[in-house]
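>>> test case, fold it:
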Amino acid sequence: MHQLGVARLSALAGILSLEAFLGAGSGLAAGTQVVSVLYAGSLVTPMEGPIKTSLRTQGIDFQGEPGGSKELTNLILAGMRSPDVFICVDPKLVSKLGDRVASATTFAGTSLGIAWAASSKYAGLFEQAASGEISLQRVLSTPGLRIGRTDPQLDPKGAYTVEGVTMWLGHDGEHRILGDDENPSQIFPEQDLLARVDTGQADVGFFYRTEAVARGYRFIPLPGNAALTDRITYTLAVMKGAAHPAAAKAFADFILTGQGRTILENAGLTYHVSS
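Take a look at the predicted model:
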């Protein structure tokens, strides 16, 4: 599964590089700065939408690659990626990069729960859980319900899902809902999970609140401390030796205190740094 994940990310990087090359000849203004960003796949909707669009108006060509934060960290450590900026969930992952990092700021947080598209065939059942008419545990135990989540070995959200459900229901209850930690019937790549819910290949997924808000999904946080609101944080690292240092600084300012902050707050992030 680790090799498949790297292959998917490599293929995505190739596609993004091709798009950037084609874009260079079709509308990029002279003097446009490039910034390469590896980022947690939970931010894909705002990053590839309003963030990218807003940066373009400021003369910055955003070249982003989403993925599981653990997997992206491993790609940087292996020398397979050299981004200008890295945004991940879990500051410990940035610490692992050591002197590859010039500066790092843990800037925002979110909560863990379940989310579903309006088209989900179980939407009515989930709405009953949201209103308290039926327990969330009972809904998630529905026979035939297809649950989607990410790999706990590659993505912090996958690990948080196992931890949060265990905190909520205990080990036995967690196993009844999730099965094995790496249950192949539930696990999808971080960058694919939203699309699987969109298309009905999963009826519901374990997501961060920001993903649900940005995608227009309904969201129920896990009960109490199981939502891990005090634990799930995003860290932005500007990399030492960045190929595009001026654009990297401009991007960091944009995300931390500029228009990017407004975009991400509207997408459901709660900021921890002053504007």
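>>> hang on, residue 74 in a strand?
No: according to DSSP: H, G, I helix; E, B strand; the rest coil, residue 74 belongs to no strand; its state is helix.
>>> neighbours around it, how many?
Other residues near residue 74 number 18, with proximity taken as other CB atoms under 10 Å. Backbone N, C-alpha and C define where each C-beta goes, glycine included.
>>> can you name the residues that contact residue 33?
Shown in contact with residue 33 (CB atoms under 8 Å, 6 or more residues apart in numbering): 59, 60, 61, 244, 246, 247, 250.
>>> whoops, residue 105 was the one
If you count contacts by CB under 8 Å, 6+ apart, residue 105 has them with 235, 236, 252, 256, 273.
>>> now swap in residue 239 and tell me
If you count contacts by CB under 8 Å, 6+ apart, then residue 239 has 76, 82, 83, 84, 85, 86, 100, 101, 102, 248 around it.
>>> swap the cut-off to 6 Å and go again
Going by CB atoms under 6 Å, 6 or more residues apart in numbering, residue 239 touches residue 83.
>>> any idea how far residue 86 is from it?
Applying CB to CB, to the nearest Å, one obtains 6 Å for the distance of residue 239 from residue 86.
>>> cool, residue 174 as well?
Taking CB to CB as the measure, residue 174 falls 31 Å from residue 86.
>>> looking at these two, which has the bigger crowd around it?
Higher neighbour count among residue 174 and residue 86: residue 86, with 27 against 19, using other CB under 10 Å.
>>> what sits opposite that one in the beta ladder?
residue 38, residue 237 (DSSP bridges).
>>> doesn't residue 237 make contact with it?
Yes: with contact taken as CB atoms under 6 Å, residue 86 and residue 237 are classed as touching, separated by 4.6 Å.
>>> restricted to buried residues, select the contacts of residue 33 in PyMOL.
Restricted to buried positions by 16 or more other CB atoms under 10 Å, the PyMOL selection for the contacts of residue 33 reads:
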select buried, resi 60+61+244+247+250
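>>> walk me through the domains of the protein.
Each domain of the chain is listed here as a residue range: 2-109+232-271, 112-227, per automatic domain parsing.
>>> for residue 69, which non-adjacent residue is spatially closest?
The spatial neighbour of residue 69 that comes closest, neighbours along the chain excluded (CB to CB, 6 or more residues apart in numbering), is residue 88 at 3.8 Å.
>>> please work out how many residues are found near that neighbour.
Residues contacting residue 88 under the criterion other CB under 10 Å number 27.
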